[in-house]
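Colleague: Sequence unavailable; structure follows:
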């Protein structure tokens, strides 16, 4: 996974994490390929297939069996170990997470200072 961009790695990990945490939820067991087009490369799809997802024309689907649940969890754990022991990926993911946290913090501070001044918060689109 070290050759994947950080955002792609993060998306794969999020998918596998959700399946591992809530294996009965069908929402996490089906990925609409049209929605992830451009976000996941063929390499990512192969990783998902190794986790037990099966490709159809429009979706990647993880069958509802305990064997597939164990397989998805095993790939998730292997990916976690890979990220833990790959300092470059770990630092890139932390940098991406830090940027997201900075944006959230900046938005909260802006809203807070606007309230102090009596201004209404900016409208969100």
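Modeller: Good, I have the coordinates. The structure presented is a predicted model; accordingly, all values stated were derived computationally and were not measured.
Colleague: Please identify which helix or strand holds residue 76.
Modeller: In this structure, residue 76 is located in helix 66-84 according to DSSP states H and E.
Colleague: oh sorry, the question was meant for residue 18
Modeller: Assigned by DSSP H and E, residue 18 belongs to helix 6-21.
Colleague: now for the next helix or strand after that helix, which elements pack on it?
Modeller: As assigned by DSSP H and E, the chain's next helix or strand after helix 6-21 is strand 30-32. Judged by 3 or more C-beta pairs under 8 Å, 6 or more residues apart in numbering; DSSP states H and E, the packing partners of strand 30-32 are strand 59-61. Quick note: C-beta positions are derived from backbone N, CA and C, even for glycine.
Colleague: helices or strands up against the strand it packs on?
Modeller: Where contact means 3+ C-beta pairs under 8 Å, 6+ apart, strand 59-61 is packed against strand 30-32, helix 42-50.
Colleague: In the next helix or strand after the first one, which residues are buried?
Modeller: It stands for strand 30-32. Downstream of strand 30-32, the first helix or strand assigned by DSSP H and E is helix 33-36. Neighbour counts over helix 33-36 (16 or more other C-beta atoms under 10 Å) mark residue 36 as buried.
Colleague: so residue 60 bridges to which residues?
Modeller: For residue 60, the beta-bridge partners under DSSP bridges are residue 31, residue 55.
Colleague: residue contacts, it?
Modeller: Residue 60 makes contacts with 30, 31, 33, 45, 48, 49, 53, 54, as judged by C-beta atoms under 8 Å, 6 or more residues apart in numbering.
Colleague: Okay, the second one and residue 23: tell me how far apart.
Modeller: Using C-beta to C-beta, to the nearest Å, we find residue 31 at a distance of 15 Å from residue 23.
Colleague: swap in the fourth one?
Modeller: Taking C-beta to C-beta as the measure, residue 45 and residue 23 are separated by 20 Å.
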